[in-house]
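**Q** Here is a sequence with its predicted model. Questions after.
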Amino acid sequence: MSIKRVAIVGCGIGRSHIVEGYVPHPDKFKVVAICDLNEERLREIGDEFDIAKRTTSFADVLGDESVDIVDICTPPGIHLEQVVAALAAGKHVICEKPLTGSLSGVDTIMEAEKTAKGTLMPIFQYRYGDGIEKAKRIIDAGIAGKPYMGSVETFWLRTPEYYSVPWRGKWATELGGVLVTHALHLHDMLLHLMGPVSKVFGRVATRVNDIEVEDCASASLLMKNGAFVSLSCTLGSQEQISRLRLHFENVTFESNHEPYSPGRDPWKIIVQNDDVQARIDAVIGNWQPVAPRFTTQMEHFHTYLSGNGPLPVTTQDARRALELVTAIYQSSDTGREVSLPIGSDSPKYADWRARTK
């Protein structure tokens with residue numbers, strides 16, 4: 001398998017991509033360039049990881065023929081233009097969440113993908129780890145049975161100091177609040193395990209910090225499979241936890257409560273009876289440990305690029321998560337339940353800030 005040459009654009013969360021996603025795979029990836037407007041950060045990250053090329057120019061990255069993958073870790077407000085430009089330049093693209101700030105934006109990206117030489121992989125690193133992947137295997141094997149109900153809790157803490165970074169907390173640059181940049185991870189995990197949503201009733205509010213975007217939200221979902229799910233999220237929890245608890249006919253799953261790595265073990269797998277346990281043991285009894293977060297997502301991306309596996313996260317996955325965001329915003333505006341899918345006739349399709357009556 002060939003080593004893919006990577007350029008990191010944005011060295012904030014980009015450093016985590018290097019540490020978790022690329023350093024563990026020296027036979028698969030080499031970070032050959034970093035790009036950031038902060039020259040001090042460029043120097044620090046470049047020196048730390050011995051990266052020779054350091055630039056403040058995104059165009060310079062796109063023009064570098066030695067770069068195979070452009071990994072976009074910039075503030076959300078510029079993801080759309082950067083993804084489209086990187087695809088047009090013939091690069092493979094990795095993009096941090098949120099992919100963009102509207103369903104219209106996602107559809108623009110999907111159009112660009114149709115003629116692109118490269119492939120886009122959005123980031124949803126919380127899908128990876130022993131706990132969630134065991135649950136996924138059990139569900140996909142049909143052992144869990146009929147889905148009944150679930151709850152998803154994103155209880156994190158963000159203080160005024162967090163929002164002192166100029167682009168945070170603003171619609172134009174962060175694109176949304178707790179639903180878009182925090183709980184999106186847990187909500188993707190739900191969709192990954194329980195499938196798509198049919199109907200949504202939601203509420204959002206700004207109660208914790210003096211910001212433009214929401215920092216508290218709740219929603220009641222009817223899944224397409226008939227299950228009921230409640231979502232709760234806040235950025236004002238004095239104890240930070242992330243938790244999924246999903247109830248099926250034969251099994252109840254509960255994630256660990258680590259706020260930023262809920263996909264890891266231990267997950268509770270509570271079975272109906274010994275027969276169900278025996279079926280589970282047959283499926284995961286010889287489990288091989290899975291590295292969490294970026295380590296496994298990047299490994300799977302390399303496998304895909306080498307022609308040996310599926311694309312681990314698709315633009316359609318990102319769209320499904322952002323459609324849920326759109327539905328919650330729309331329901332909160334109107335006080336009414338929203339049915340999915342959401343079409344281009346919705347005022348929220350192109351702009352989440354557009355008021356819906």
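**A** Good, I have the coordinates.

**Q** For stretch 82-89, buried residues please.
**A** Gln82, Val83, Val84, Ala85, Ala86, Leu87, Ala89 (16 or more other Cβ atoms under 10 Å). Backbone N, C-alpha and C define where each C-beta goes, glycine included.

**Q** can I get these in a markdown table with secondary structure and pLDDT?
**A** Putting the buried residues of stretch 82-89 into a markdown table (DSSP: H, G, I helix; E, B strand; the rest coil; pLDDT from 0 to 100) gives the following:
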| residue | secondary structure | pLDDT |
| --- | --- | --- |
| Gln82 | helix | 98 |
| Val83 | helix | 98 |
| Val84 | helix | 98 |
| Ala85 | helix | 98 |
| Ala86 | helix | 98 |
| Leu87 | helix | 98 |
| Ala89 | coil | 98 |
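
**Q** bridging residues for Ile241?
**A** Phe155 (DSSP bridges).

**Q** so who does Ala318 touch?
**A** Lys97, Pro98, Leu99, Val106, Pro122, Phe124 (Cβ atoms under 8 Å, 6 or more residues apart in numbering).

**Q** Quick one: residues contacting the third one.
**A** Same thing as Leu99. His79, Val83, Gly105, Val106, Ile109, Pro122, Thr315, Ala318, Arg319, Leu322.

**Q** what sits up against the helix or strand where Tyr304 lies?
**A** According to DSSP states H and E, Tyr304 maps onto helix 294-305. Here helix 294-305 makes contact (Cβ under 8 Å, 6+ apart) with 1, 4, 16-17, 20-22, 24-25, 28-29, 92, 94, 119, 121, 123-125, 127-129, 290-291, 309-313.

**Q** Just the CA atoms of that helix, as PDB, please.
**A** Taking Å, rounded to 0.1, in the frame of the first residue of the first chain, the C-alpha atoms of helix 294-305 are listed here in PDB:
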ATOM      1  CA  PHE A 294      -9.200   9.400  14.400                       C
ATOM      2  CA  THR A 295      -6.800   6.400  14.600                       C
ATOM      3  CA  THR A 296      -9.300   4.000  13.100                       C
ATOM      4  CA  GLN A 297     -11.100   6.400  10.900                       C
ATOM      5  CA  MET A 298      -7.900   7.400   9.100                       C
ATOM      6  CA  GLU A 299      -6.800   3.800   8.800                       C
ATOM      7  CA  HIS A 300     -10.100   2.900   7.100                       C
ATOM      8  CA  PHE A 301      -9.800   5.900   4.800                       C
ATOM      9  CA  HIS A 302      -6.400   4.600   3.600                       C
ATOM     10  CA  THR A 303      -7.900   1.100   3.200                       C
ATOM     11  CA  TYR A 304     -10.600   2.700   1.000                       C
ATOM     12  CA  LEU A 305      -8.000   4.700  -1.100                       C
END
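
**Q** Buried by neighbour count: which residues of it qualify?
**A** Phe294, Thr295, Thr296, Gln297, Met298, Glu299, His300, Phe301, His302, Thr303, Tyr304, Leu305.

**Q** Would you map the helices across the protein?
**A** Per DSSP state H, the chain carries helices over the ranges 13-16, 39-49, 58-62, 79-88, 103-114, 130-140, 171-174, 178-181, 184-194, 274-284, 294-305, 315-334.

**Q** Of those, give the one that comes closest to Thr154.
**A** helix 184-194 (4.9 Å; Cβ to Cβ).

**Q** in this structure, which ranges drop under the pLDDT threshold?
**A** By pLDDT under 70, the weakly predicted segments of the chain are 1, 356-357.

**Q** ok, the residue nearest the centre of it - contacts?
**A** The residue lying closest to the centre of the chain (Cα atoms, centre = their mean) is Phe124, at 3.1 Å. Residues in contact with Phe124 (Cβ under 8 Å, 6+ apart) are Lys97, His185, Asp188, His192, Gln297, Val313, Asp317, Ala318, Ala321.

**Q** Which members of those are the farthest-apart pair?
**A** Most distant of those, by Cβ to Cβ, are Gln297 and Ala321, 15.0 Å apart.

**Q** Apply the buried test to the contacts of Phe124 and list what passes.
**A** Buried among the contacts of Phe124 by 16+ other Cβ under 10 Å: Lys97, His185, Asp188, His192, Gln297, Val313, Asp317, Ala318, Ala321.

**Q** can you give me phi and psi for the first one?
**A** Backbone geometry at Lys97, expressed as degrees, to the nearest 10, gives phi -80, psi 160.

**Q** can you tell me how far it sits from Asp317?
**A** Here Lys97 is placed at a distance of 10 Å from Asp317 (Cβ to Cβ, to the nearest Å).

**Q** list residues touching both of those two?
**A** Here Lys97 and Asp317 share the contacting residues Pro122, Phe124, scored by Cβ under 8 Å, 6+ apart.

**Q** Export the buried residues of helix 294-305 as TSV, with columns for distance to Asn256.
**A** Converted to TSV, those look like this (distance: Cβ to Cβ, whole Å):
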residue	distance to Asn256
Phe294	18
Thr295	17
Thr296	16
Gln297	18
Met298	22
Glu299	22
His300	22
Phe301	25
His302	27
Thr303	26
Tyr304	28
Leu305	31
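
**Q** Tell me the one among those nearest to Val197.
**A** Gln297 (23.2 Å).

**Q** I'd like to know how far that closest one sits from Gln125.
**A** 5 Å.

**Q** cool, and Glu254?
**A** Taken as Cβ to Cβ, the span from Glu254 to Gln125 is 20 Å.
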